[in-house]
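K.L.:
Generate coordinates for the sequence data below:
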Amino acid sequence: MVINGSRGRGPKAGQIVDSRRPRKLNSQALRMLAVLLVFILLAGLGVFRLLWIQVLKHGDYRRIAESLHTRRLVLPAKRGKILDCRLRTLAGSRETMSFWAYARGLTEDDKRTGSRQLMGFPGISKEVLDEAFGPRPRLVWLRRFCDEDTAVRLEELHVPGVGRTVEHRRYYTCDWVSNIVGFVNASGSAIEGVEHKFDKLLSGVPGTVVINPYVRLEGAPLTQGVLRPPVNGHNIVLTIDSDIQYILYSRLREACQLWNAPLALGVIMDPKTGAILGMATYPSYSSSHYRQSYTADNLKHIPAYLSNLRQPGGLYKARCLTDLFEPGSLFKVFAVAAALDMNKVRPHEAFFCENGSFKVGKSTISDWHPFGELTVEDILAKSSNIGMSKIGMRLGPRLLYEYLMRFGFLNKPGVGLFAEPTPQIKPLSQWDDEYTCFVSFGQGLSVSAVSLVSAVSAIANDGMLMQPYLVAAVQDSTGNIIYQTHPRVIRRVIRASTARTVVSMMRRVVTQGSGHRAAVDGISVCGKTGTAQVFDYQTGHYSHEDLITSFIGFAPAEDPQIALLISVFSPRHAQREIWGSTVAAPIFSAVAGHVLAYLESRKSPFLRMAKNKRLEAAES
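P.N.:
Model prediction:
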C-alpha cells in the first residue's frame, strides 16, 4: 500500500490505494457454496410445502383424510306441520328410527357375521346386504322409519357396522282434507296440495352427521357427532276448519251414495273475509294410504266428461279449484244483480215468458214450466230461462260481460295453491243475442266452484268482492307467527242497495220458490237452485242424461256467516226427479244447519283476527 501524490492518470493525491489483487475461490469452496444453496432451496421448498399443506390447503387435505376414514350422512330436518284454523294438526311428523350399514374398515369375518345376522330380516333384501357387506361396501340404508318393535329387534342384534339415526315420518290425521293437504311419498317427495306448494317452507334445512366405521372401542358409537344440525321446517296454518270439512265431506258422501253419483263437491266460505272454511270433494283418497286409493274404479258409472277420475292420481285433485263446469241457473243471480245495479230492470217489473218456448236466432229456449207473465222476483224464484234471457238482452252483451268481470268470472280465483284454470267464456267480440241469452241463465261458460262461492259472497257482503284464501298464517318451528294473511277487498261489484235487494230476492227463492228444500229451521237462508246440462263434445249437443245439480247461497240473511255451494254431478235415481232443488238443496240445508250451529259454539282465533283486521280496514 503506498500514498501517491503525483498528478496524472493515477490516483489523486492523498488517496489510499490497495495494491493487493482479489483472490479466486478454489473448487472446494465453490462446492460447499453450491451445497449450501441447494440445502437452503430444499429447506425453502419444504417450508413452502408445509405452509401449502398445513395452511393454504388445510381444508382440502382434511376433507380427503375424513373421506378415507368417515362418511357423512344427511339428517333430514323435521318437516313442519299443516294445521287447521283452530291449530289442530292435519299433517305432522313423528320421530322414527332408521338403520344404515357402513362396513368399510371391518374385517372379512365381521362382514360375513353382519350379513349372516341380517339375512332374512323383514324388509332387508339380499341385494342391500351385498351392497353393504360386499367386496366394495357402500353406505346404505337397511330400514327406514322403523316402528318401535322393529327398531328394538335390530338393536338387539348388535350387528357390526350397523348404526342408527332418528328420522321423521309424515302422518295425517284427517282423510277428508286429503285433496287440500296432499301427501309426502315414501321417498320424501311432496305430492299435490299444500305439501307440494309449500314444500320449501315445510322442509326446513337438512343437517349432516359424521360416521366413522374404524371406531372399534367397546361401546363407542359409530356416529361421531352432528356436523351441522338440521333446521326444522315452518308450520302452515290453513283457514280450513277440520270439523266443518268433515261435515261437508260426510254429506257429499251420503249424496253420492243416495243418488248414485260419480262426483260431488262443496265449498264453504266466510263471505266477509274470503277465508275458505271447507272445500271437499267426494270421492277422495287417503293421504296416509295414497296408493290404495289411486283410482276411482269402484264407482258404478263414470260419464265421459269425468273420465279423468279413472286416471292415475285422478282423485288427488282439489276439483273445487281445478275443475270448470257450467253453472246453469245459479248464474241467474248474477245477471239479475247486474241488471238491477244498472237500473235496467225493477224487482216488480213483469216480463212475458212466452208460455215456455222462446225462439232466439237459431235456438229455441225452453222453461221447465209454461210460464206467462213473471216479475223479476218471480223469474229468479221460479228459475225461468226465458225471463232471464229477456233480462240479459235488455242488459246487453257489453254490460253483462263487464259484470262478469266485476264478479271475478273472467279471472282465476287466485287462491294460489293449485293449478287454477282460466274460466272459459267467449270474447266479447263473438257475443250475439243468442249467446247473451245463454250466458244469462248460465250456459255457454265454465267457471270453478270457488269462483261461484266468491261471487255470491260479494252479494252477501254488501257488494264487496273479497280475495278468497286458504292459508291463514305461517309459523316457525316454535309456533311464532312469521306471516299472517289479512282479508283483502278486490273491488266493489254492485252497490250496497243493489246487494240488499238481491238478498231479499234470494231469500224469496227459499221461502216461496224452487229452493224451499234448502230451508233451515230458525235460520233465514238465501239461495238459488241450478240444474245444468253437460255438453257432449262427441255429439255436439247438450246431454239429456248427464246433469250437474247445484244449490248456492248463504245464511243467515241478516248477517251472513257462511256462503256455501253444493254440486252433485250426473246423479241417477229410478224413482226421483233430478233437479238442483231435489238433489243439492237438501244437502245444502243439512250442511248449513250443522255448520252454523257449530260456528255459534266455537270461534277460531285466526279467523276472528282476520275479521277484526277487515273491520279496522273498513273503518279507516
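
K.L.:
In the stretch 1-150 of the chain, mark out all the helices, start to finish.
P.N.:
For the stretch 1-150 of the chain, the helices defined by DSSP state H, counting those that start in this stretch cover 27-51, 58-69, 108-118, 126-133, 148-157.

K.L.:
Dump those helices into CSV; add mean neighbour count and distance to Ser286 as well.
P.N.:
Every C-beta, even on glycine, is put in place using the N, C-alpha and C of the backbone. CSV is the format used below for the helices of the stretch 1-150 of the chain (neighbours: other Cβ atoms under 10 Å; distance: least, Cβ to Cβ, whole Å):
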stretch, mean neighbour count, distance to Ser286
helix 27-51, 10, 63
helix 58-69, 11, 43
helix 108-118, 16, 32
helix 126-133, 17, 29
helix 148-157, 13, 23
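
K.L.:
To Arg228, which of these lies closest?
P.N.:
helix 58-69 (14.0 Å; Cβ to Cβ).

K.L.:
Below-threshold pLDDT in this protein: ranges please.
P.N.:
Scanning the chain with the threshold set as pLDDT under 70 gives 1-25, 58-59, 61-73, 211-227, 292-300, 603-620.

K.L.:
would you put the C-alpha positions of the longest strand seen in it in CSV?
P.N.:
Longest strand of the chain, by residue count under DSSP state E: strand 541-555. Output in CSV follows, covering the C-alpha atoms of strand 541-555 (Å, rounded to 0.1, in the frame of the first residue of the first chain):
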residue,chain,number,x,y,z
HIS,A,541,-125.2,-31.2,-28.2
TYR,A,542,-126.1,-30.9,-24.5
SER,A,543,-126.8,-34.2,-22.8
HIS,A,544,-130.3,-35.1,-21.5
GLU,A,545,-128.9,-37.7,-19.1
ASP,A,546,-125.8,-36.1,-17.5
LEU,A,547,-126.8,-33.1,-15.4
ILE,A,548,-125.0,-31.0,-12.8
THR,A,549,-127.3,-30.3,-9.9
SER,A,550,-126.4,-27.4,-7.6
PHE,A,551,-127.5,-25.1,-4.9
ILE,A,552,-125.7,-21.9,-3.9
GLY,A,553,-126.5,-19.5,-1.1
PHE,A,554,-125.6,-18.0,2.3
ALA,A,555,-127.0,-17.7,5.8
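
K.L.:
Starting from that strand, tell me which strands it pairs with and how they run.
P.N.:
strand 526-536 (antiparallel), strand 562-569 (antiparallel) (DSSP bridges).

K.L.:
sorry, back to before: so for Thr89, which of the helices of the stretch 1-150 of the chain sits nearest?
P.N.:
helix 148-157 (20.6 Å).

K.L.:
That closest one - contacts with which helices or strands?
P.N.:
strand 89-101, strand 140-146, strand 162-172 (3 or more Cβ pairs under 8 Å, 6 or more residues apart in numbering; DSSP states H and E).

K.L.:
again, 7 Å this time
P.N.:
Helix 148-157 sits against strand 140-146, with contacts defined as 3 or more Cβ pairs under 7 Å, 6 or more residues apart in numbering; DSSP states H and E.

K.L.:
Can you list the buried residues in the strand it packs on?
P.N.:
Val140, Leu142, Arg143, Arg144, Phe145, Cys146 (16 or more other Cβ atoms under 10 Å).

K.L.:
Pipe those into CSV and attach distance to Ala190 per row.
P.N.:
What follows is those, written out as CSV (distance: Cβ to Cβ, whole Å):
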residue, distance to Ala190
Val140, 24
Leu142, 25
Arg143, 23
Arg144, 17
Phe145, 16
Cys146, 22
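
K.L.:
and which of those is nearest Thr529?
P.N.:
For the buried residues of strand 140-146, the nearest to Thr529 is Phe145 (49.8 Å; Cβ to Cβ).

K.L.:
and the gap between that closest one and Pro230?
P.N.:
Separation of Phe145 from Pro230 (Cβ to Cβ, to the nearest Å): 16 Å.

K.L.:
and the nearest residue to Ile244 once chain neighbours are set aside, how far is that from Thr239?
P.N.:
Counting by Cβ to Cβ, 6 or more residues apart in numbering, Gly278 is the residue found nearest to Ile244 once chain neighbours are left out, at 4.4 Å. Remark: distance between Gly278 and Thr239 (Cβ to Cβ) = 9 Å.

K.L.:
same deal with Phe588?
P.N.:
Distance, Phe588 to Thr239, using Cβ to Cβ: 21 Å.

K.L.:
And Ala261, by the same measure?
P.N.:
27 Å.

K.L.:
Give me the nearest residue to Leu395, chain neighbours excluded.
P.N.:
By the measure of Cβ to Cβ, 6+ apart, the closest residue to Leu395 outside its immediate chain neighbours is Ala339, 4.8 Å from it.

K.L.:
Could you pull up the residues touching that neighbour?
P.N.:
Val345, Ile391, Arg394, Leu395 (Cβ atoms under 7 Å, 6 or more residues apart in numbering).

K.L.:
rerun at 8 Å
P.N.:
Val345, Val376, Ile391, Gly392, Arg394, Leu395 (Cβ atoms under 8 Å, 6 or more residues apart in numbering).

K.L.:
surely the fifth one meets Lys344?
P.N.:
Meaning Arg394. Yes. With contact defined as Cβ atoms under 8 Å, Arg394 counts as touching Lys344 (5.2 Å).

K.L.:
Next, format the helices of the stretch 1-150 of the chain as a markdown table and append distance to Leu452.
P.N.:
Below are the helices of the stretch 1-150 of the chain laid out as a markdown table (distance: least, Cβ to Cβ, whole Å):
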| stretch | distance to Leu452 |
| --- | --- |
| helix 27-51 | 74 |
| helix 58-69 | 60 |
| helix 108-118 | 58 |
| helix 126-133 | 53 |
| helix 148-157 | 49 |
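
K.L.:
check contacts around the closest residue to Asp110 other than its chain neighbours.
P.N.:
Nearest residue to Asp110 in three dimensions, chain neighbours excluded: Pro160, at 4.3 Å (Cβ to Cβ, 6+ apart). Neighbouring residues of Pro160 by Cβ under 8 Å, 6+ apart: Ala103, Leu106, Asp110, Lys111, Thr113, Gly114.

K.L.:
residues near the residue lying closest to Arg488 once chain neighbours are set aside, how many?
P.N.:
Once flanking residues are discounted, Arg488 sits nearest to Gln467: 4.3 Å by Cβ to Cβ, 6+ apart. Using other Cβ atoms under 10 Å, Gln467 has 19 neighbouring residues.

K.L.:
And Thr539, by the same measure?
P.N.:
Counted with other Cβ under 10 Å, Thr539 comes out at 8.

K.L.:
For Cys526, give its distance to Gly580.
P.N.:
15 Å.

K.L.:
Neighbour count for those two, which is higher?
P.N.:
Counted by other Cβ under 10 Å, Cys526 and Gly580 do not tie: Gly580 has more neighbours, with 31 against 28.

K.L.:
What sits closest to the more buried one if chain neighbours are left out?
P.N.:
Nearest non-adjacent residue to Gly580, counting by Cβ to Cβ, 6+ apart: Thr529, 3.8 Å away.

K.L.:
Surely the one you found touches Gly553?
P.N.:
No. Proximity of Thr529 to Gly553 does not meet the contact threshold set by Cβ under 8 Å, at 9.4 Å.

K.L.:
Find residues that contact each of these two.
P.N.:
Contacts common to Thr529 and Gly553, judged by Cβ under 8 Å, 6+ apart, are Gly515, Ala518.

K.L.:
Phe588 and Thr239: who's more crowded?
P.N.:
Phe588 (29 against 26).

K.L.:
So for the helix or strand harbouring that one, what gets flagged as buried?
P.N.:
Using DSSP states H and E, Phe588 maps to helix 580-601. Within helix 580-601, the residues scored as buried using 16+ other Cβ under 10 Å are 580-596, 599.
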